[in-house]
Every structure is written in C-alpha cells, then in structure tokens.
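K.L.:
Provided below for reference: sequence and predicted model.
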Amino acid sequence: DAGVTQSPTHLIKTRGQQVTLRCSPKSGHDTVSWYQQALGQGPQFIFQYYEEEERQRGNFPDRFSGHQFPNYSSELNVNALLLGDSALYLCASSLLGGATMNTEAFFGQGTRLTVV
Amino acid sequence: GENVEQHPSTLSVQEGDSAVIKCTYSDSASNYFPWYKQELGKGPQLIIDIRSNVGEKKDQRIAVTLNKTAKHFSLHITETQPEDSAVYFCAASKGTGGFKTIFGAGTRLFVKA
C-alpha cells in the first residue's frame, strides 16, 4: 500500500515564475491538505481539499491555489514566486468521508522548492 | 488567533534518560492533539495522538498527557535511544484528519550515546 507520494522532490524556480506541485494521497483517503514548512519551523497550513473543493484555508495569499481531481490527487499552484516562498511543501492525506471514524493525517516526504 | 507554543526548542539527553516536551495551545475548541516526529529529509510521521476526552495515553516508551483546563499537553519519551534523535512537533486541531492542524515550532532532540 503506497503512502502519500509527492512530486517532484526538489525544484528550483526563478522569482516571478509559477510552480505546480503534485500529491497522490494514501490509498483509501479522500482529503488532501497542503502545508508550507520553512527551514527550522513547523508546518503552516495552506488549505485543504475534499470532494474537489477547497474546504479550509490558512493565512496565505491568493497566489497560492489548488485543485483536487476525481481520483483524490491534488495540485498546489503558486504564482508570481517570491524568494520567501522557498520552503518544503508538504501534502497530508486523510479520510473525511465514509462511515468510519476520521483517521489521522499521513504526510508525504515533501517537495523542496527553492526560489532564486 | 490560533497558536501552539512548544518548548524547549532544543533538547539534549543521554541515552537511557527521559525527554519531556511541553506545548500550550490557544484555541479552547481544539480537541485533537497529535505529535509528529520528523527526520532529516522526510515528512512528519505521527507517533502518538490524544483526544480531548482522555487525560493520558501511552504507547511503549512514549506517553502524552493533556490538561484541557490549562491548555497544556506534553510528550514523554522514556529510555531514550540514539534513533529517537529527530525534530518533534506538537499540534492541535478541532478534529482528526478533516480539520486544519496548527503546529508548534518544533523541538530538536539529540540523544547522546
């Protein structure tokens, strides 16, 4: 059973460019959350997708957007990249729907984004 | 706003000793408190969690306590081993999985052999 997978693992972009990060949730999970983790800090919640809609959002500008596909995979898009967007971007999946009790979130290994 | 404070930021212990990490949270509606271990180059991994209707939970060498009145929760690792060395994060949310999770800033634990 594959866990949460993210791609790419590393990425270097130039200031002002746009980037798309991808996440495949753990098998059986239907919810994807995205986090930004700056060096030496805890993860900061960006937003969460369930049933192909954004359910909750943290304090991030509109430059950060996302999408969830019918197969529950998700993308994180960041426009007009700033140097401060350099961070580890983590995807976490969980099960929200269904008859069973909600489970904890499982994290992927992250995508290290460097903006130069 | 929602906030989780975590202390200490760095903790160094001798192998076999105990390690304690403490956290406080601000949102009284929080009812789920997971702890994550993050090793270099990896994503956070859940090691133990506790819900608000429980005051203490133990899993082998790891235990977590929760004081809802004081909005404090703590992680206790006994008989520490070098492989316990990592960054540990406490977190709080208003529910499992389906709700956004607020993380502490992390504690870097060093276990010296």
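P.N.:
Arrived safely, thanks for sending.
K.L.:
Quick one: residues contacting residue B:55.
P.N.:
B:65-67 (Cβ atoms under 8 Å, 6 or more residues apart in numbering or on different chains). (Each C-beta comes from the backbone N, C-alpha and C, glycine too.)
K.L.:
Nearest to chain B within chain A, name that residue for me.
P.N.:
residue A:94 (2.9 Å; Cβ to the nearest Cβ).
K.L.:
Please enumerate residues in contact with whichever strand or helix holds residue A:93?
P.N.:
Using DSSP states H and E, residue A:93 sits within strand A:87-94. If you take Cβ under 8 Å, 6+ apart as the criterion, strand A:87-94 is touched by A:4, A:6, A:21, A:23, A:25-26, A:29, A:31-39, A:43, A:72, A:74, A:76, A:102-108, A:110-113, B:43-44, B:96-98.
K.L.:
now the residue minimising distance to the centre of chain A, nearest residue through space, not along the chain?
P.N.:
Nearest to the mean C-alpha position of chain A, by Cα atoms, centre = their mean, lies residue A:34 at 2.9 Å. Using Cβ to Cβ, 6 or more residues apart in numbering or on different chains and skipping the chain neighbours, the partner closest in space to residue A:34 is residue A:46 (4.3 Å).
K.L.:
on that earlier part again, which among the contacts of residue B:55 end up buried?
P.N.:
B:65-66 (16 or more other Cβ atoms under 10 Å in any protein chain shown).
K.L.:
can you put the contacts of residue B:55 in TSV and add pLDDT, secondary structure and distance to residue A:82?
P.N.:
Converted to TSV, the contacts of residue B:55 look like this (pLDDT from 0 to 100; DSSP: H, G, I helix; E, B strand; the rest coil; distance: Cβ to Cβ, whole Å):
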residue	pLDDT	secondary structure	distance to residue A:82
B:65	97	strand	41
B:66	96	strand	38
B:67	95	strand	40
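K.L.:
any weak-confidence spans in chain A?
P.N.:
Across chain A, the ranges flagged by pLDDT under 70 are A:1, A:97-103.
K.L.:
How about chain B?
P.N.:
B:1, B:95-98.
K.L.:
what sits up against the strand or helix carrying residue B:57?
P.N.:
Here residue B:57 sits within strand B:56-59, counting by DSSP H and E. Around strand B:56-59, the neighbours that count as contacts under Cβ under 8 Å, 6+ apart are B:47-50, B:63-66.
K.L.:
Mind doing that once more with 7 Å?
P.N.:
B:48, B:50, B:63-65 (Cβ atoms under 7 Å, 6 or more residues apart in numbering or on different chains).
K.L.:
Tell me how many other residues surround the residue of chain A closest to chain B.
P.N.:
24 (other Cβ atoms under 10 Å in any protein chain shown).
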